[in-house]
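> Next comes the sequence, and after it the predicted model I'd like to discuss.
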Amino acid sequence: MDLKKIVRDVHDFPKPGIVFKDITPLLENPEAFQYIVNQVVEKFKKEEIDLIVGIDARGFIFASVLAYALKKGLAIVRKKGKLPYQTISYTYQLEYGEDTIELHQDSIPKGAKVLIVDDLLATGGTANATGHLIQQMGGQVVAMAFIIELNFLKGREKLKDFEVFSLLQYDAE
């Protein structure tokens, strides 16, 4: 299935010069959505995984379905201040400034083998921070799975400490 024909390019979003890869048409198309889930399940069904971690916010969509399909628990990584219970946080550098992500303090059991899931790998900052947060909590990152990877932003370079899988890759904007 040619998923790239279904992904919608939105020019100048969220700011001028950016071509946003909109995944909502993939979600709206039942065959495409099932294909995506089946491909990722096939890739990781034989891996020893205890928990799926979804990254805020579109990563939640895929992570929840994958957790169900793989019969694993689901934990969620959110931006600072969005989780209601006690959290562990990780602050990381952005191009201009910093950001902080959080997990509930009891989300990752010591030694848990984790698959991190997000919709898109761009610069890799949030995914890298998520991997290090899970390690800080005593978890082991088995791999990171993305639906789309923007190769030209070189996010994979930030994730050299982790196995990275992406279903769709774009080499240029």
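Good, I have the coordinates.
> Give me the neighbour count for I36.
Other residues within reach of I36, judged by other Cβ atoms under 10 Å, total 24. Heads up, the C-betas are built off the backbone N, CA and C, glycines and all.
> wait, doesn't it sit right on F146?
No. Using Cβ atoms under 8 Å, I36 is not in contact with F146, being 10.9 Å away.
> what's the overlap in contacts for those two?
Overlap of the contact sets of I36 and F146 (by Cβ atoms under 8 Å, 6 or more residues apart in numbering) consists of L167.
> which strand is the longest one in the protein?
Using DSSP state E to assign secondary structure, the strand with the most residues in the chain is strand 140-150.
> List the contacts of the following helix or strand past that strand.
Scanning the chain past strand 140-150 towards its C-terminal end, the next helix or strand to appear is helix 155-158 (assignment: DSSP states H and E). With contact meaning Cβ under 8 Å, 6+ apart, helix 155-158 is reached by 121-125, 127-128, 149, 164.
> ok, now stretch 164-173?
Contacts for stretch 164-173 (Cβ under 8 Å, 6+ apart): 3-4, 7, 19, 21, 36, 39-40, 43-44, 121, 143-152, 156.
> buried set for it?
164-168, 170 (16 or more other Cβ atoms under 10 Å).
> can I have that stretch written out in CSV, keeping just the CAs?
Listed next in CSV are the C-alpha coordinates belonging to stretch 164-173 (Å, rounded to 0.1, in the frame of the first residue of the first chain):
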residue,chain,number,x,y,z
VAL,A,164,14.8,3.0,15.2
PHE,A,165,12.1,1.8,12.9
SER,A,166,10.0,4.0,10.6
LEU,A,167,7.4,2.9,8.1
LEU,A,168,7.6,5.9,5.7
GLN,A,169,10.6,8.0,5.0
TYR,A,170,10.8,11.4,3.3
ASP,A,171,14.2,12.6,2.0
ALA,A,172,13.2,16.2,1.2
GLU,A,173,10.6,18.7,2.1
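> avg pLDDT for it?
If you average the pLDDT over stretch 164-173, you get 92.
> Next: stretch 71-78.
pLDDT averaged over stretch 71-78 equals 98, rounded to a whole number.
> in it, what counts as buried?
Buried, per 16+ other Cβ under 10 Å, within stretch 71-78: 72, 74-78.
> so of those residues, which ones are in helices?
Per DSSP state H, helices hold no members of these.
> doesn't D99 make contact with K79?
Yes. If you go by Cβ under 8 Å, K79 and D99 touch, sitting 7.1 Å apart.
> center of the chain, which residue is that?
Nearest residue to the geometric centre of the chain (Cα atoms, centre = their mean): D118, 1.7 Å.
> in this protein, which spans are helices?
24-28, 30-44, 58-70, 125-136, 155-158.
> Lovely, talk soon.
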